[in-house]
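In: Quick one: sequence plus predicted model below, questions after.
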Amino acid sequence: MLRRLALAASALTGAPLIAAWVISHQALHPKPRVEDHDLSDFDLPAEEVSFPSRDSTRLAGWFIPARTAAPAPGVVLSHGWARSRAELLPHANFLHRAGFALLAFDYRHRGRSGGD
């Protein structure tokens, strides 16, 4: 009887712990999303750039210069969770037309950036 009670208690405790682990793993390690559009859908003079992170992981991005040769304010665009810089293209298009210089980049293990 004591053995059955211990087994039932273990099952009742273990099931929620396993469910919590599965949910947290999916939240912390989402599958990358394929974006609905890419750079060819917009008329942006984007230049491919890359730069190292603090731990030397290569991060990929686009630099989009301002429309004028005069100095212009710049904006760094940062994509959302499990997304890529392509998500930001509609915003980049709007800001570029408003006269801003832009940098949109992929976080590590997203888009064309390295790392995990």
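Out: Sure thing, it's come through.

In: what about the helices in the protein?
Out: All helices of the chain, identified by DSSP state H, fall at 2-28, 89-97.

In: deepest of those helices, which one?
Out: Mean neighbour count (mean count of other CB atoms under 10 Å) peaks for helix 89-97 among these, with a mean of 17. The C-beta positions use only the backbone N, C-alpha and C, and glycine is treated the same way.

In: List the contacts of that one.
Out: Outside helix 89-97, the residues that touch it by CB atoms under 8 Å, 6 or more residues apart in numbering are 37-39, 41-44, 62, 64, 66-67, 75, 77, 102, 104.

In: One more pass at 7 Å, please.
Out: Outside helix 89-97, the residues within contact range by CB atoms under 7 Å, 6 or more residues apart in numbering are His37, Leu39, Asp41, Phe42, Leu44, Ile64, Arg67, Val75, Leu77, Leu102, Ala104.

In: Highest neighbour count among those residues?
Out: Highest neighbour count within the contacts of helix 89-97: Ala104, with 28 neighbours (other CB atoms under 10 Å).

In: Roughly how far does it sit from Gly111?
Out: Relative to Gly111, Ala104 is positioned 10 Å away (CB to CB, to the nearest Å).

In: what sits in contact with each of these two?
Out: Taking CB under 7 Å, 6+ apart as the contact rule, Ala104 and Gly111 both touch Arg85.

In: Can you say which of the helices of the chain is nearest to Trp81?
Out: Ranking those by distance to Trp81, with CB to CB as the measure, places helix 2-28 first at 9.1 Å.

In: Would you mind checking the average pLDDT for that closest one?
Out: Average pLDDT, helix 2-28: 79.

In: how about JSON lines for the contacts of helix 89-97, with pLDDT and distance to Ala19 added?
Out: Formatted as JSON lines, the contacts of helix 89-97 follow (pLDDT from 0 to 100; distance: CB to CB, whole Å):
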{"residue": "His37", "pLDDT": "86", "distance to Ala19": "36"}
{"residue": "Leu39", "pLDDT": "90", "distance to Ala19": "41"}
{"residue": "Asp41", "pLDDT": "93", "distance to Ala19": "40"}
{"residue": "Phe42", "pLDDT": "93", "distance to Ala19": "42"}
{"residue": "Leu44", "pLDDT": "95", "distance to Ala19": "44"}
{"residue": "Ile64", "pLDDT": "97", "distance to Ala19": "44"}
{"residue": "Arg67", "pLDDT": "90", "distance to Ala19": "52"}
{"residue": "Val75", "pLDDT": "97", "distance to Ala19": "41"}
{"residue": "Leu77", "pLDDT": "96", "distance to Ala19": "36"}
{"residue": "Leu102", "pLDDT": "97", "distance to Ala19": "42"}
{"residue": "Ala104", "pLDDT": "96", "distance to Ala19": "37"}
